[in-house]
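Below are the sequence and a predicted model; questions follow.
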Amino acid sequence: MFTQYIELDSGQPATPLWLVDEDSLALWRDGREARQVAWVAAQGFKGKAGDLLLLPAADGQCAGVLAGVPRGDALGPWDLAPAAGRLPAGRYRLLPDGKRQLGEGRLGWLLAHYRFDRYRSEAAATEPRVLVAGEDATVNLEACRQAAAVALVRDLVNTPAGDMGPAVLADAARQLAARHGAEMHETIGDALLAEGFPTIHMVGRAAADAPRLIDIRWGDPDHPKVTLVGKGVCFDSGGLDLKPSSAMLLMKKDMGGAAHALALAQMVMDARLPVRLRVLVPAVENSVSGNAFRPGDVVRTRKGITVEIGNTDAEGRLVLADALALACEETPDLLLDFATLTGAARVALGPELPALFTPDTTLATELAAHADAVSDPLWRLPLWDGYRDMLASTVADINNSSESGFAGAITAALFLQRFVASPVTWAHFDLYAWNGSAKPGRPKGGEAMTLRACWALLSARFIAK
Ligand code: MN
Ligand code: MN
């Protein structure tokens with residue numbers, strides 16, 4: 001899918017693309033023709049990160065391009081995106097200055113070609129800019145694998161709820177499973193009650209598109225068990241405790257967690273990681289109808305814990321509860337859940353920094369290191385036991401929402417923890433899955449967050465052995 005935008009260097013004709021920063025521009029000038037040095041000065045090009053300068057040849061053709069990148073030993077994932085987004089179509093040979101490594105830089109180059117134009121009457125013309133770089137095909141292919149996974153998250157999130165209801169999300173999961181020879185089982189509508197998923201049924205039963213649990217299995221059963229769970233609320237009106245219009249506007253993205261779980265699964269299966277993979281996606285629409293669940297209702301969950309509904313807009317943790325309980329019944333070696341769960345996590349950390357919750361400090365430390373290494377940031381928040389009382393109920397074991405306005409991301413994570421069996425190594429990601437404004441390589445709209453950090457973790461944990 002992205003392989004057309006990157007090629008190994010085999011000496012093919014290509015325009016030189018010199019990477020420079022504000023310090024190394026002086027080194028580049030050494031030994032250049034006076035004409036080119038004068039052009040750079042006349043254009044006021046200083047090597048600032050993100051700046052681009054085309055150099056004319058004597059015949060008026062492009063003799064090469066200078067691209068400003070940040071100082072440092074290696075490129076970050078988005079450092080080449082400004083160039084890839086603005087260069088004329090063509091083939092460019094990467095010529096880093098000094099010892100600078102290409103690093104993560106391939107990713108932004110590839111993703112600068114991402115478009116979501118499904119609903120445009122005229123699709124934007126594709127302007128392929130081919131990067132000629134490197135001598136190791138596996139490195140370029142790995143970058144393409146990651147770009148394809150990010151693009152999958154974006155496509156699934158960007159597709160409006162009218163075209164991405166629970167059934168269509170299940171179709172996307174089925175196509176993914178079929179491509180990689182995975183098994184998929186779907187539990188739909190009233191079968192959710194018969195098979196013991198009352199919370200998924202409760203949240204989704206008011207929608208015209210039936211609620212369902214998507215269950216994908218792949219890989220050798222003898223390999224370590226990795227289970228991914230994703231919140232698949234295809235649209236969140238808030239239910240009867242309806243959201244105000246401004247808060248409802250982006251709720252097509254409330255299946256962003258499911259998109260992350262599927263995209264991470266795509267990478268695992270594509271790379272044939274030696275794990276037994278399972279993906280669980282409770283896919284529902286939180287809608288309003290005569291049979292909608294109500295504030296004050298009580299549900300007995302799969303795990304047996306009874307939950308009073310304090311607010312129908314705290315639906316994500318409900319559908320995740322039964323999915324997490326199911327996941328833990330086979331005691332996976334690693335359990336990761338992804339969810340656009342709380343606004344409180346955004347209040348705490350803002351849109352670009354997903355919250356990580358895990359009781360496992362080793363896992364948290366590993367994840368932080370991988371997140372840092374691949375520039376896919378996350379920040380650990382505590383499962384602070386002292387706030388458990390905030391979920392107290394007067395009629396049931398717990399309430400799904402806290403009366404307090406404080407620590408909403410933490411109380412949501414504490415709620416989930418009730419449904420995770422204690423020996424299971426578990427991490428929960430509360431993420432935004434959205435770019436509120438456009439940056440090079442990152443258009444406004446759906447976005448993958450923590451996806452590459454988790455992939456780095458899985459690769460390190462399960463490939464090396
Ligand atoms: Mn909600
Ligand atoms: Mn929600």
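Thanks, I have the structure now. Ligands and ions are numbered 1, 2, ... in the order given.

Spell out which parts of the chain neighbour ligand 2.
Within the chain, the residues that sit near ligand 2 (C-beta under 5 Å from the ion) are V233, D236, D254, G316. The C-beta positions use only the backbone N, C-alpha and C, and glycine is treated the same way.

Closest one of those residues to M184?
Distance ranking of the residues of the chain next to ligand 2 against M184, using C-beta to C-beta, places V233 first at 19.7 Å.

Check for me that that closest one belongs to a strand.
Yes. With DSSP: H, G, I helix; E, B strand; the rest coil as the criterion, V233 is part of a strand.

wouldn't it be in contact with A314 here?
No. Counting by C-beta atoms under 8 Å, A314 is not a contact partner of V233; they are 11.2 Å apart.

circling back: tell me which of the residues of the chain next to ligand 2 fall in strands.
Applying DSSP state E to the residues of the chain next to ligand 2, the entries found in strands are V233, D236.

Neighbour-wise, which one of the residues of the chain next to ligand 2 leads?
V233 (33 neighbours; other C-beta atoms under 10 Å).

What residues does that residue make contact with?
V203, M251, D254, M255, V284, E285, N286, E315, G316, V319, T340 (C-beta atoms under 8 Å, 6 or more residues apart in numbering).

repeat that with 6 Å
Contacts for V233 (C-beta atoms under 6 Å, 6 or more residues apart in numbering) come out as D254, M255, V284, N286, G316.

For the third one, list each beta-bridge partner.
Beta bridges link V284 to V233, judged by DSSP bridges.

Can you get me a residue count around it?
V284 has 36 neighbours, counted by other C-beta under 10 Å.

Check the fourth one too.
Neighbourhood size, N286 [other C-beta under 10 Å]: 29.

Okay, the residue in the stretch 151-300 of the chain positioned nearest to ligand 2 and R212: tell me how far apart.
The nearest approach of the stretch 151-300 of the chain to ligand 2 comes at D236, 3.8 Å away (C-beta to the ion). Going from D236 to R212 by C-beta to C-beta, to the nearest Å gives 16 Å.

cool, and G405?
33 Å.

What are the structural domain limits within the chain?
Structurally, the chain divides into domains by automatic domain parsing as follows: 3-122+131-135, 148-461.

hmm, back to that, which pair in the contacts of V233 has the greatest spatial separation?
Pairwise distances across these (C-beta to C-beta) peak at 10.9 Å, for the pair M255 and N286.

which strands and helices sit next to whichever strand or helix holds L363?
Using DSSP states H and E, L363 sits within helix 361-373. Packing contacts for helix 361-373, counted by 3 or more C-beta pairs under 6 Å, 6 or more residues apart in numbering; DSSP states H and E, involve helix 451-462.

for the helix it packs on, which positions count as buried?
Under the neighbour-count criterion of 16 or more other C-beta atoms under 10 Å, helix 451-462 has L451, R452, A453, C454, W455, A456, L457, L458, S459, R461, F462 buried.

which residues sit in contact with the first one?
In other words, L451. Contacts of L451 by C-beta under 6 Å, 6+ apart are H260, A263, L264.

roughly how far is the strand or helix carrying the second one from the heart of the chain?
Same thing as A263. Using DSSP H and E, A263 falls within helix 256-270. Once both centres are worked out by C-alpha atoms, centre = their mean, to the nearest Å, helix 256-270 turns out to sit 8 Å from its chain's centre.

re the thing from before, pull the helix holding L363 out as PDB, backbone CA atoms only.
These are the backbone C-alpha positions of helix 361-373, laid out as PDB (Å, rounded to 0.1, in the frame of the first residue of the first chain):
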ATOM      1  CA  THR A 361       5.700  -1.100  36.800                       C
ATOM      2  CA  THR A 362       8.000  -3.300  34.600                       C
ATOM      3  CA  LEU A 363       5.500  -3.000  31.800                       C
ATOM      4  CA  ALA A 364       5.100   0.700  32.300                       C
ATOM      5  CA  THR A 365       8.900   1.300  32.200                       C
ATOM      6  CA  GLU A 366       9.200  -0.900  29.000                       C
ATOM      7  CA  LEU A 367       6.400   1.000  27.300                       C
ATOM      8  CA  ALA A 368       7.800   4.400  28.200                       C
ATOM      9  CA  ALA A 369      11.100   3.400  26.800                       C
ATOM     10  CA  HIS A 370       9.600   2.200  23.500                       C
ATOM     11  CA  ALA A 371       7.300   5.200  23.300                       C
ATOM     12  CA  ASP A 372      10.300   7.400  23.600                       C
ATOM     13  CA  ALA A 373      12.400   5.500  21.100                       C
END
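
now it: mean pLDDT?
In this model, helix 361-373 has an average pLDDT of 98.

Pull the residues that contact that helix.
Helix 361-373 is contacted from outside by T358, P377, L378, R380, T425, A427, A453, A456, L457, using C-beta under 6 Å, 6+ apart.

could you check the angle helix 451-462 makes with that helix?
120 degrees (axes from the mean of the first three to the mean of the last three C-alpha atoms, to 10 degrees).

Past helix 361-373, which element shows up next along the chain?
Defined by DSSP H and E, the subsequent element after helix 361-373 is strand 379-380.

Now the residue in the stretch 301-450 of the chain that ligand 1 sits nearest to: which helix or strand?
Residue nearest to ligand 1 within the stretch 301-450 of the chain (C-beta to the ion): D313, separated by 3.9 Å. Using DSSP H and E, D313 sits within no helix or strand.

Which residues of the stretch 251-400 of the chain lie near ligand 1?
Residues of the stretch 251-400 of the chain lying near ligand 1 by C-beta under 5 Å from the ion: D313, E315.

Which residue, other than its chain neighbours, is closest to the residue of the stretch 301-450 of the chain closest to ligand 1?
In space, D313 comes closest to G238 once its chain neighbours are excluded; the distance is 3.9 Å by C-beta to C-beta, 6 or more residues apart in numbering.

ok, V150 touching G446?
No. Counting by C-beta atoms under 6 Å, V150 stays clear of G446, with 9.5 Å between them.

what comes into contact with the helix or strand encompassing P16?
In the assignment (DSSP H and E), P16 maps to strand 15-20. Here strand 15-20 makes contact (C-beta under 6 Å, 6+ apart) with 28, 47, 62, 64-67, 69, 90, 92-97.

In it, which residues are buried?
Judged by neighbour count (16+ other C-beta under 10 Å), strand 15-20 contains these buried residues: T15, L17, W18, L19, V20.

Partner strands of it and their direction?
Sheet partners assigned to strand 15-20 using DSSP bridges are listed as strand 62-68 (parallel), strand 90-95 (parallel).

The helix or strand following the last one packs against which elements?
Heading C-terminal from strand 90-95, the first helix or strand you meet, by DSSP H and E, is helix 105-111. Under the contact definition 3+ C-beta pairs under 6 Å, 6+ apart, helix 105-111 sits against helix 137-158.

what angle separates the helix or strand following the helix it packs on from helix 137-158?
Beyond helix 137-158 on the C-terminal side, the first helix or strand identified by DSSP H and E is helix 166-179. Angle of helix 166-179 versus helix 137-158, following the same axes, to 10 degrees, is 160 degrees.
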